[in-house]
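Engineer: no sequence for this one, just the structure:
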Ligand code: CAA
């Protein structure tokens, strides 16, 4: 029985920061961000958007697009490292906001950027076993924040990807190929800190080592697309050059453009979205195929795809995906490009004001120009120490 992704949807806040403008204020050559790191724009969450809001917006969208009944969802997992509570799962809020019935297992998985991928693997197992013909809803939702003026600042981002997992999926079948784990301190978030502590160059080394290990376990199919967790596109490019040696690729620059670059288009406009990054990369490959319309089908264009997911700390997984013939119909519903083009640019000053509100735990009612949630859901505030959510 094939098990995999039936439908996938993305949500990003309606605002972005242009990195050339941030670079100018920081006194950095803009090309360092746009070419050296490979990110031009980063999505910026308003102060009435958090990981719950982004997750619920993406979940609502994927259920509507798939046209399934909410009562058919028997498992709901949120992968996030941006949770607002140390006990109550983000997924419980999503469960309520999106209106999924009580007969459902609901929980979060936290392991840095790989949490949602572990959620997908759990969902594959659940569908093969206890799922009994029902759907699993897995959501990757994060607001990637780094301290202002730190090296990580240009690699922030915000967004959520929601996926429906089931038997005989309409989009793609998934199979785990290999995994890797090792305890390291490359990127971590002590509970009392607002921002992560990052050993940037060491984290890039850990990422590349984990990728090399995972890809070494497989005889790679040369015609496949390669989709990577993308903290920043340059790291993916550098890592792919290492991977290409594994299958004696004599022209890695060309094969990077053929097999990998399509998966990085959105990353350069959204930034790092942690758990959702690799899944947005998948949407990027599919979206690129849909726009270029050269081959009649995605199965002609690619012999499946490899998805490499990495979470600091660290864990990594390589998954192989097979596109389902006829899945092109689903791609017509993708609106990532439209969402990105419709965002409003925020000034560096407003970005700094939003960061300052976040740092002191300010209220979502505080106004920063007209930067507000675009919906359908928003964070209203804290009452009796409980976070309250509602519709925009
Ligand atoms: N024009 C063009 N390129 C320029 C340039 C200019 N004027 N100035 C610098 N560059 C290039 C540099 O040459 C370099 O490219 P190469 O690697 O090809 O040499 C690139 O820009 C970056 O420059 P630096 O090496 O000086 O970068 P930095 O030290 O300022 O920051 C970083 C890089 C440490 C990775 C930082 O972005 C960071 O800390 N990021 C957060 C951590 C991260 O993303 N880690 C990734 C692995 S961990 C993970 O995957 C989990 C996760 O999502 C966080």
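Structural biologist: Okay, I see it. These numbers come from a predicted model, not from an experiment. Numbering: from 1, shown residues only.
Engineer: Double-check that residue 276 belongs to a helix.
Structural biologist: Yes - if the criterion is DSSP: H, G, I helix; E, B strand; the rest coil, then residue 276 is within a helix.
Engineer: Let me know whether it touches residue 162 as I believe.
Structural biologist: No - if you go by CB atoms under 8 Å, residue 276 and residue 162 don't touch, sitting 9.1 Å apart. To be clear about C-beta, it is placed using only N, CA and C from the backbone, and glycine gets the same treatment.
Engineer: what touches both of the two?
Structural biologist: Here residue 276 and residue 162 share the contacting residues 10, 140, scored by CB atoms under 8 Å, 6 or more residues apart in numbering.
Engineer: And the residue nearest to residue 255 when sequence neighbours are not counted, which helix or strand is it part of?
Structural biologist: Spatially, and ignoring its direct neighbours in sequence, residue 255 is nearest to residue 249 (5.3 Å; CB to CB, 6 or more residues apart in numbering). For residue 249, there is no helix or strand it lies in under DSSP states H and E.
Engineer: Residue 249 and residue 256 touch, don't they?
Structural biologist: No - between residue 249 and residue 256 there is no contact under CB under 8 Å: 9.2 Å.
Engineer: Just the pLDDT for the spatially most central residue of the chain.
Structural biologist: With distances taken as CA atoms, centre = their mean, residue 276 lies nearest the centre of the chain, 1.2 Å away. At residue 276, the model reports a pLDDT of 98.
Engineer: can you check residue 132 too?
Structural biologist: 88.
Engineer: Which residues are in contact with the residue of the stretch 1-150 of the chain found nearest the ligand?
Structural biologist: With CB to the nearest ligand atom as the measure, residue 36 is the residue of the stretch 1-150 of the chain nearest to the ligand, at 2.1 Å. Residue 36 sits next to residue 234 when contact means CB under 8 Å, 6+ apart.
Engineer: If we use 10 Å, what do you get?
Structural biologist: 28, 29, 30, 154, 232, 234 (CB atoms under 10 Å, 6 or more residues apart in numbering).
Engineer: now swap in residue 301 and tell me
Structural biologist: When contacts are counted by CB under 10 Å, 6+ apart, residue 301 touches 223, 225, 262, 285, 288, 289, 292, 294, 295, 323.
Engineer: shaky segments in this structure?
Structural biologist: Of all residues in the chain, none has pLDDT under 70.
Engineer: Domains in it, by residue range?
Structural biologist: 3-171+334-391, 173-329 (automatic domain parsing).
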